[in-house]
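**Q** Quick one, what's the 3D model for this:
(2 chains)
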Number of protein chains: 2
Amino acid sequence: MLQLTKTDLPMHIIFENQYFYIEKEESQIPWLKVFTQEPHKELSELSAEVRSQLWEIVNIIEKEMIAYYKPTKINIASFANMLPRVHIHVMARFEDDNYYPNPMWGEKLRDNELYLPDEEKFFKRVFTTLQKYVQ
Amino acid sequence: MLQLTKTDLPMHIIFENQYFYIEKEESQIPWLKVFTQEPHKELSELSAEVRSQLWEIVNIIEKEMIAYYKPTKINIASFANMLPRVHIHVMARFEDDNYYPNPMWGEKLRDNELYLPDEEKFFKRVFTTLQKYVQ
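**A** Residues are numbered from 1 along each chain as shown, chains lettered A, B, ... in the order given. Sure thing, here's the model as predicted:
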């Protein structure tokens, strides 16, 4: 398999391999979305192996978010109700973000500015860890 | 380990073993919540084995919901922002439920009545399948 480097990827894609790609969601908070390359409606349609690797990727993103951003809480979700193509949202939440403690799909509660460390450095960390642990 | 039968459990608990319990959420839609017996704040704090079994349980619930209710889409979420004790929501969504296509935490869009098959039969199916496949 061709080994991509972070700079070969389109700007909003922060990792890609044969089975998955990871996209950044534009938001106030650190928010990544993990897609399977092959589109499926539901998680249970994935092979056990791909599903298990998907959750492993989510776990790696969660750990990197916790280490880098020290968030109040990690949120994870899979909806895809508008367009039925399953993908996993991984979000780092902060007690002073605009929706906390509501989910990001709930009522906006305030209009704060968050001062977070550089996201490019975070994306590079995620990319490097995934290159190492995910085939 | 003591083998419980479905009728030994409190009404809102539909399955329990050494590591997990599954609770029914009162809602218009079929909605189950999977908790670990040992409380944790984040999923990445679970051992790889328990985490993998947790996702296996979610997958079994998803497949049972699809087979029994034939929903428009399955939704899965882990928030626990109010009380930081990680658990997984598994929801069967229907295009005529009161929030669809919004997540259940989003804006309510209508005031419909859903006519769904008997939930007790569904809980028994989930219980039986989990007894069989989850230690």
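**Q** Spatially central, which residue of chain A would that be?
**A** Closest to where the C-alpha atoms of chain A average out (CA atoms, centre = their mean) is residue A:32, at 2.4 Å.
**Q** which parts of chain A sit against chain B?
**A** If contact is defined as CB under 8 Å from any CB of the partner chain, the residues of chain A in contact with chain B are A:41-44, A:51-52, A:55, A:58-59, A:62-63, A:66, A:72-82, A:84, A:93, A:100-103, A:105-106. Just so you know, the C-beta spots here come from the backbone N, C-alpha and C atoms, and that holds for glycine as well.
**Q** redo that, cut-off 7 Å
**A** Taking CB under 7 Å from any CB of the partner chain as the criterion, chain A approaches chain B at residues A:42-44, A:51-52, A:55, A:59, A:62-63, A:66, A:73-82, A:84, A:93, A:100-103, A:105-106.
**Q** Okay, the residue nearest to the centre of chain A and residue B:83: tell me how far apart.
**A** When CB to CB, to the nearest Å is applied, the distance between residue A:32 and residue B:83 equals 25 Å.
**Q** for residue A:135, same thing?
**A** Here residue A:135 is placed at a distance of 37 Å from residue B:83 (CB to CB).
**Q** What remains of the residues of chain A next to chain B if I keep only buried residues?
**A** With neighbours counted using 16 or more other CB atoms under 10 Å in any protein chain shown, the residues of chain A next to chain B contain these buried positions: A:42-44, A:51, A:55, A:59, A:62-63, A:66, A:73-81, A:93, A:100-103, A:105-106.
**Q** need the longest helix for chain A.
**A** Counting by DSSP state H, the longest helix found in chain A is helix A:48-69.
**Q** Verify the contact between residue A:72 and residue A:92 for me.
**A** No. Between residue A:72 and residue A:92 no contact is recorded; they are 8.5 Å apart, counting by CB atoms under 7 Å.
**Q** Any regions of chain A where pLDDT drops low?
**A** Applying pLDDT under 70 to the predicted model, the residue ranges of chain A that meet it are A:1-8.
**Q** Tell me where it has strands.
**A** In chain A, the strands defined using DSSP state E lie at A:13-16, A:20-24, A:31-36, A:73-78, A:87-93.
**Q** which stretch among the ones you listed comes nearest residue A:131?
**A** Each of the strands of chain A has some distance to residue A:131 by CB to CB; the shortest is strand A:13-16, at 7.9 Å.
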